[in-house]
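> how does the following fold in three dimensions:
(chains A, B, C and D, ligands or ions: 2)
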Protein chains: 2
Amino acid sequence: MKTLKIPEATIIRLSVYSRYLTEVDRKGIVTISSGEIAEGVGVSPAQVRKDLAYFGEFGTRGVGYNVKDLRRHILKILGLSVDWSVTLVGLGNLGLALTTYKGFRERGFIITSIFDTDPGKAATKINGVDVMPLERLVEVVKQNRTQIGIITVPAAAAQDIADMMVKAGVQAILNFAPVVLNVPAEIELRNVDLAVNLEVLTFNIGAQRF
Amino acid sequence: MKTLKIPEATIIRLSVYSRYLTEVDRKGIVTISSGEIAEGVGVSPAQVRKDLAYFGEFGTRGVGYNVKDLRRHILKILGLSVDWSVTLVGLGNLGLALTTYKGFRERGFIITSIFDTDPGKAATKINGVDVMPLERLVEVVKQNRTQIGIITVPAAAAQDIADMMVKAGVQAILNFAPVVLNVPAEIELRNVDLAVNLEVLTFNIGAQRF
DNA sequence: GATAGATAGTGATATAATGAACAATAAAAA
DNA sequence: TTTTTATTGTTCATTATATCACTATCTATC
Ligand SMILES: NC(=O)c1ccc[n+]([C@@H]2O[C@H](COP(=O)([O-])OP(=O)(O)OC[C@H]3O[C@@H](n4cnc5c(N)ncnc54)[C@H](O)[C@@H]3O)[C@@H](O)[C@H]2O)c1
Ligand SMILES: NC(=O)c1ccc[n+]([C@@H]2O[C@H](COP(=O)([O-])OP(=O)(O)OC[C@H]3O[C@@H](n4cnc5c(N)ncnc54)[C@H](O)[C@@H]3O)[C@@H](O)[C@H]2O)c1
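Ligands and ions are numbered 1, 2, ... in the order given. Okay, here's the model as predicted:
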């Protein structure tokens, strides 16, 4: 197995390229150059070509890339040529926003189960998905072969939920609680920390000081 | 002006350290070593010391760091020793989650105005803040000397909102719409792309292929 | 066909970030 | 005091990432 190390920054950019190509494709444009992609997403043309070069040769010299083809290739690379089953735990304000967000489904992320401890919530239905009590998490997630878990519970409860998700066999967790989670090495974990984003901004605003 | 370049990764970690220190401080712990911080947030001890070294000497050799002091220093570095005025545009599902989130206020981010085109929404009040129509954005944001704008409108409207925010004098924008925005170089811009986060996960799950 | 113009792919180079090692130094113990 | 122990601050090496410059190759035109 060739284990060529791909920078995470490259993956993030690929995701952005693919979104941009979707937009370009909608306008009916057939061919695009690395320079035009670069322009559209705010990076250098060399960067675009380098990123793509990790995965093969998708363009034609002197011409550029076929928009539809390149888009399809990138989606394949990102693992988006198939649907993913996602569970969300914690149907608070943020959890509700995420479950009702159309953009996820468009990219193949299907929320197949929702859990919350609040008995009032664990009786409702969101987009045709029942909200269930925590006790059923392991069972249901196992049964659905759900691969991805989203955590939107208060920080204090997040580690417990992560443990349950791991027990239920998820392969990846997206955590919105502002806390450092411990999971086995084979589980992919990403933290989305919204406050941190604001703090990077405030640092940069005041960065003259250094 | 000494323009020492600080890696963005350092800033993100500082934010995480400060949050961890808040937690440690609550437990009444007075002193902490770089190794303990590292353990708590999942990085290497050398990394912790390196990150801090950009800004000064905060520890005592042979002893470690005073928790309260270090926390205060980091908050100062991040620009969190003062409050920030924030405006949010687009009171949809995500916008509502963000405006009602307590964690921002705790770190000094005060949402001082909210705007939405929907006349039904532009009459309500969230946490004592009136929701106003877009027409008032420039005026109100200017008057409040608001420094930070959060964009949670549909992608198609995001660039317009960014332009208005710039016109109104914000210094930084946090954009949740999945689109690449153009703003003047002096404006700090960060994009939070939630779908990208899921896609990094799916890439990594399937990364055996490369 | 041959030639010109455009643009992808790529190896070399530069820059940045991380990691490991260690000297400096403060506190505690002898 | 002196010695030992702990742990920082910092240097140097390594690794990772981005940029640059060049070569290969395609299309269109003469
Ligand atoms: N709302 C935001 O904009 C925002 C921003 C940044 C971070 N976050 C983080 O996201 C998480 C959720 O935020 P929120 O604003 O939606 O909070 P919320 O209080 O609105 O929602 C939390 C939900 O989790 C449920 N819950 C509590 N304990 C649970 C458990 N053990 N198992 C299952 N469900 C449980 C609650 O019933 C509630 O429905 C928090 O960790 C918060 O810090 C939120
Ligand atoms: N909801 C999520 O979980 C989620 C996740 C990822 C990205 N996003 C992005 O965040 C943005 C908002 O998402 P959402 O789910 O809250 O959408 P939403 O449709 O629930 O809310 C959008 C809000 O913006 C308002 N609006 C529309 N045009 C406007 C304009 N020109 N000026 C001011 N307000 C305007 C609408 O009235 C509505 O209240 C979108 O760009 C979406 O792609 C959302």
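> alongside DNA strand C, which residues does chain A contribute?
For chain A, the contact set with DNA strand C under CB under 7 Å from any atom of the strand comprises A:32-35, A:45-46, A:49-50, A:52-53, A:57-65. (C-beta placed from N, C-alpha, C; glycine too.)
> where's the residue in chain A that DNA strand D sits nearest to relative to ligand 2, distance?
Taking CB to the nearest atom of the strand as the measure, the point where chain A comes nearest DNA strand D is A:Gly62, at 2.3 Å. To ligand 2, A:Gly62 is 37 Å away according to CB to the nearest ligand atom, to the nearest Å.
> can you count the residues close to that residue?
6 (other CB atoms under 10 Å in any protein chain shown).
> return the distance of it relative to A:Glu36.
Distance of A:Gly62 to A:Glu36, computed by CB to CB, to the nearest Å: 15 Å.
> again with A:Asp83
Relative to A:Glu36, and taking CB to CB, A:Asp83 is found at 31 Å.
> out of those two, which sits in the busier spot?
A:Glu36 (18 against 12).
> so who does the closest residue to the more buried one other than its chain neighbours touch?
Spatial nearest neighbour of A:Glu36, excluding adjacent residues (CB to CB, 6 or more residues apart in numbering or on different chains): A:Gly64 at 7.6 Å. Contacts of A:Gly64 were listed using CB atoms under 8 Å, 6 or more residues apart in numbering or on different chains, and they are A:Thr31, A:Ile32, A:Ser33, A:Ser34, A:Glu36.
> looking at those, which one is closest to chain B?
Nearest to chain B, judged by CB to the nearest CB, of the contacts of A:Gly64 is A:Glu36 at 12.9 Å.
> how much space between that closest one and ligand 1?
Applying CB to the nearest ligand atom, the value for A:Glu36 to ligand 1 is 36 Å.
> so which strand or helix has that residue?
Applying DSSP states H and E as the criterion places A:Glu36 in helix A:34-41.
> coming back round to it: for the contacts of A:Gly64, which one is nearest B:Arg71?
Set against B:Arg71, the nearest of the contacts of A:Gly64 by CB to CB is A:Ser34 (45.5 Å).
> pretty sure A:Ser113 sits against A:Asn144.
Yes - because the distance of 6.3 Å satisfies CB atoms under 8 Å, A:Ser113 is recorded as touching A:Asn144.
> and the two? which has more neighbours close in?
Between A:Ser113 and A:Asn144, counting by other CB under 10 Å, A:Ser113 is the more crowded of the two (22 against 16).
> state the helix or strand in which that one lies.
Using DSSP H and E, A:Ser113 sits in strand A:109-115.
> same question, A:Ala185
Of the helices and strands defined by DSSP H and E, none includes A:Ala185.
> can stretch A:9-24 be said to contact chain B?
Yes - using CB under 8 Å from any CB of the partner chain, stretch A:9-24 reaches chain B at A:Ile11, A:Ile12, A:Leu14, A:Ser15, A:Val16, A:Arg19, A:Tyr20.
> mind putting the residues you listed into JSON lines with secondary structure and pLDDT?
Shown next, in JSON lines, are those (DSSP: H, G, I helix; E, B strand; the rest coil; pLDDT from 0 to 100):
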{"residue": "A:Ile11", "secondary structure": "helix", "pLDDT": "97"}
{"residue": "A:Ile12", "secondary structure": "helix", "pLDDT": "97"}
{"residue": "A:Leu14", "secondary structure": "helix", "pLDDT": "98"}
{"residue": "A:Ser15", "secondary structure": "helix", "pLDDT": "97"}
{"residue": "A:Val16", "secondary structure": "helix", "pLDDT": "97"}
{"residue": "A:Arg19", "secondary structure": "helix", "pLDDT": "96"}
{"residue": "A:Tyr20", "secondary structure": "helix", "pLDDT": "97"}
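> buried set for the helix holding A:Glu36?
Going by neighbour count (16 or more other CB atoms under 10 Å in any protein chain shown), the buried part of helix A:34-41 is A:Ser34, A:Glu36, A:Ile37, A:Ala38, A:Glu39, A:Gly40, A:Val41.
> do stretch A:13-30 as well
By 16+ other CB under 10 Å, the buried positions in stretch A:13-30 come out as A:13-25.
> one step back: now, among the buried residues of helix A:34-41, which is nearest to ligand 2?
Nearest to ligand 2 among the buried residues of helix A:34-41: A:Val41, at 16.5 Å, using CB to the nearest ligand atom.
> got a list of what the residue most central in space within chain A touches?
Against the mean C-alpha coordinate of chain A, by CA atoms, centre = their mean, the closest residue is A:Leu174 at 7.8 Å. Contact partners of A:Leu174, counting by CB under 8 Å, 6+ apart, are A:Ile148, A:Gly149, A:Ile150, A:Ile151, A:Arg190, A:Val192, B:Asn197, B:Leu198, B:Leu201.
> in ChimeraX, how would I select the buried members of the residues you listed?
A single ChimeraX command selects the buried members of those (16+ other CB under 10 Å):
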select /A:148,149,150,151,190,192 /B:197,198,201
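> any chance of the contacts of A:Leu174 in TSV with secondary structure and pLDDT as columns?
Below are these laid out as TSV (three-state DSSP; pLDDT from 0 to 100):
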residue	secondary structure	pLDDT
A:Ile148	strand	98
A:Gly149	strand	98
A:Ile150	strand	98
A:Ile151	strand	98
A:Arg190	strand	96
A:Val192	coil	96
B:Asn197	helix	96
B:Leu198	helix	97
B:Leu201	helix	97
